[in-house]
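S.K.: just need the structure, nothing else, for what follows:
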Amino acid sequence: MVPVTVLRDGTTKQLTATIEVWPGNPEDEVIPPTSVAQERHPDPPDLGLALAALTADARTQAGLAPGQPGVLITKVAPRTAAAEARLGPGDVILRVQTMPVATPADVLQGFAQTRAQQRTFVLALVLQKQPPKPQQPGARWFALRLGEED
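M.R.: From the prediction side, this is the model:
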């Protein structure tokens, strides 16, 4: 057990973390990651996301409770931060930074406010339609790079 100090919204909190051995076989071959350079385009204010309000059907498909806020991703532009994060149509954005979102305008406002703070990344809590690890369902936080705008 290791003590960890966390700073959140100006308040410090003491937590305890348990350190465990990485699950894997020490004899497994370690393959270093390779980098494939792809041309990136300047990200638009919406970070390449086409957004829509949640319909009752989309809310049910996502497994959200009636009235729970969220915004549906309907399309993701290629070669953008959202595409690199593997967000896709059918995913639902629940929060941007610490703010719950209920409309596409809320999401865009969160992106704009984060850019105005001259931050490099914006956090989005997203419930993915098809999570990369089906055994770990639920919403996940994504750090989306705020590149230069068009």
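S.K.: Val2 contacts Glu20, correct?
M.R.: No - the pair Val2 / Glu20 is not scored as a contact, 11.3 Å apart, by Cβ atoms under 8 Å. Quick note: C-beta positions are derived from backbone N, CA and C, even for glycine.
S.K.: all strands of this structure, in order?
M.R.: 2-8, 11-17, 49-53, 71-76, 92-96, 99-100, 121-127, 140-145 (DSSP state E).
S.K.: tell me the buried residues in the longest helix anywhere in the chain?
M.R.: Assignment by DSSP state H gives helix 104-116 as the longest helix of the chain. Across helix 104-116, burial judged by 16 or more other Cβ atoms under 10 Å covers 104, 106-108, 110-111, 114.
S.K.: I'd like those laid out as a markdown table, including distance to Thr11 and pLDDT.
M.R.: Shown next, in a markdown table, are the buried residues of helix 104-116 (distance: Cβ to Cβ, whole Å; pLDDT from 0 to 100):
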| residue | distance to Thr11 | pLDDT |
| --- | --- | --- |
| Pro104 | 32 | 95 |
| Asp106 | 25 | 96 |
| Val107 | 27 | 95 |
| Leu108 | 29 | 94 |
| Gly110 | 22 | 95 |
| Phe111 | 26 | 93 |
| Thr114 | 21 | 93 |
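S.K.: okay, now Val76: neighbour count?
M.R.: For Val76, the neighbour count with other Cβ atoms under 10 Å is 20.
S.K.: typo on my end, it should be Leu94
M.R.: Leu94: 19 neighbours (other Cβ under 10 Å).
S.K.: tell me the contacts of the residue nearest to Met99 when sequence neighbours are not counted?
M.R.: Among residues not flanking Met99 along the chain, Gly110 sits closest, at 5.7 Å (Cβ to Cβ, 6 or more residues apart in numbering). Gly110 makes contacts with 96-97, 99, 101, 122, as judged by Cβ atoms under 8 Å, 6 or more residues apart in numbering.
S.K.: need the strands of the chain in a markdown table with mean pLDDT and distance to Leu64, can you?
M.R.: Listed next are the strands of the chain as a markdown table, based on pLDDT from 0 to 100; distance: least, Cβ to Cβ, whole Å:
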| stretch | mean pLDDT | distance to Leu64 |
| --- | --- | --- |
| strand 2-8 | 87 | 26 |
| strand 11-17 | 89 | 29 |
| strand 49-53 | 94 | 13 |
| strand 71-76 | 94 | 10 |
| strand 92-96 | 95 | 7 |
| strand 99-100 | 94 | 12 |
| strand 121-127 | 93 | 7 |
| strand 140-145 | 92 | 15 |
